[in-house]
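Novice: A predicted structure for the sequence below; I have some questions about it.
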Amino acid sequence: STPRFLVTQEIPEPGPSILREAGEVDVRQGMSAEELAAAVTSGDYDVVLAQVSDRFDAQLLAEARIKGIANYAVGYNNVDVPAAAEHGIAVGNTPDVLNDATANVAMLLLLGAGRRAHEASEYLREGRFTGLHPDLLVGQDVTGATLGIAGMGRIGKAVAHRALGFGMRVVFTQRPPRDREVSQDELGDLAGRVTQVPWDELVETSDFLSLHVPLTEDTTHLVDADVLRRMKSTAVLVNTARGPVVDEKALAHALREGEIFAAGLDVFENEPAVEPELLELPNAFLLPHVGSAEVGTRAGMARMAAENAVAMARGEKPPYPVEA
Ligand code: GLV
Ligand code: GLV
């Protein structure tokens, strides 16, 4: 029978073309959790082309009558992957294609927060710019500073390359809070140019600390009040990973009290909500989860998610699978 695809947010080409060529496509934007559950359990669809905001927990997966979930994202913390596997539901994601775009946003946040871009822009727009002052909007040094990368995976490595280009010293913890020794081989062309250090040292010595870990039980609130207190008072925290990796209330407190200098965030603990206090703080540089939002990257993600969906609908292994 003809595959039927449920698409929860319109995606760019070539996604729609690939799906329409293979079957019937229903785009239903803005579904509530209840509407999504009803659709997924109805038996009307073979595969859901999903966003990370669509939650598939164990209970829903037990009742779901679908063959697969093709996430339009590299992250898949919205899906209980072991539960999906248990019920024979395939899961796919869009790895690699967004490494550069996300690393670009990490650098944007690093520079923006460290050099006070948000504050400076507001200052200008408010008509307060009356000429050069030696002490006007002075931020943190970037070149020569130490960047700590928490999670040296594909995106962490792309950030390391950029930071080296900016003349930063790069240290990393592979898999905080515990660590696994990374061989020079695994570091590829970064071998000899970046240094692995324990998580405590990363926290205490980094001038900029950038998070590139997946969201798991181990990394939930990895950056909490205690970590924030141990960071340098001149340090900048950057998060392009997942909001819950940082305790957002503790971060707002640390920014207000000057425990750290600034934060650059693209992700939030309870998206789309943002801790209200962060919105008031001049040293919080905030973006609305746009890490992968480059034209070519989004087209690549659309192609991968659609190819995953088509393979799943045919009962084949998706080309970009998430393994349980
Ligand atoms: C976005 O957050 C993604 O995981 O692709
Ligand atoms: C980064 O890899 C550089 O060009 O130094």
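Specialist: Structure received. Ligands and ions are numbered 1, 2, ... in the order given.
Novice: Contact residues of the stretch 1-150 of the chain facing ligand 1?
Specialist: 52, 73-75, 98 (Cβ under 6 Å from any ligand atom). Yep, even glycine has a C-beta here, placed from its N, CA and C like the rest.
Novice: quick one: the residue nearest the centre of the chain and Ser42, what's the gap?
Specialist: By Cα atoms, centre = their mean, the chain has its centre lying nearest to Ala241, at 3.1 Å. Separation of Ala241 from Ser42 (Cβ to Cβ, to the nearest Å) stands at 34 Å.
Novice: for Leu190, same thing?
Specialist: 48 Å.
Novice: the bottom helix or strand of the chain by mean pLDDT?
Specialist: helix 184-187 (a mean of 94; mean pLDDT, DSSP states H and E).
Novice: any residues touching the longest helix seen in the chain, and which ones?
Specialist: Counting by DSSP state H, the longest helix found in the chain is helix 295-313. Contact partners of helix 295-313, identified using Cβ atoms under 8 Å, 6 or more residues apart in numbering, comprise 3-5, 11-16, 18-19, 22-23, 46-47, 49, 67-68, 70-73, 90, 92-94, 97-98, 100-101, 292, 317-321.
Novice: follow-up on the earlier one: which residue comes closest to the residue nearest to the centre of the chain once chain neighbours are left out?
Specialist: Closest residue in space to Ala241, ignoring its immediate chain neighbours: Leu211 at 4.5 Å, by Cβ to Cβ, 6 or more residues apart in numbering.
Novice: Please list all residues in contact with the one you found.
Specialist: Contacts of Leu211 (Cβ under 8 Å, 6+ apart): 150-151, 222-223, 237-241, 245-246.
Novice: make it 6 Å
Specialist: By Cβ atoms under 6 Å, 6 or more residues apart in numbering, the contact set of Leu211 is 150, 239, 241, 245.
Novice: Taking those residues, tell me the two that lie furthest apart.
Specialist: Farthest pair in the contacts of Leu211 (Cβ to Cβ) is Ala150 and Asn239. Separation: 9.6 Å.
Novice: all helices for the stretch 201-324 of the chain, in order.
Specialist: 225-230, 248-257, 276-280, 295-313 (DSSP state H, counting those that start in this stretch).
Novice: To Leu136, which of those helices lies closest?
Specialist: Using Cβ to Cβ, the nearest of the helices of the stretch 201-324 of the chain to Leu136 is helix 248-257, at 21.0 Å.
Novice: which parts of that closest one are buried?
Specialist: Neighbour counts using 16 or more other Cβ atoms under 10 Å place 248, 250-255 of helix 248-257 among the buried residues.
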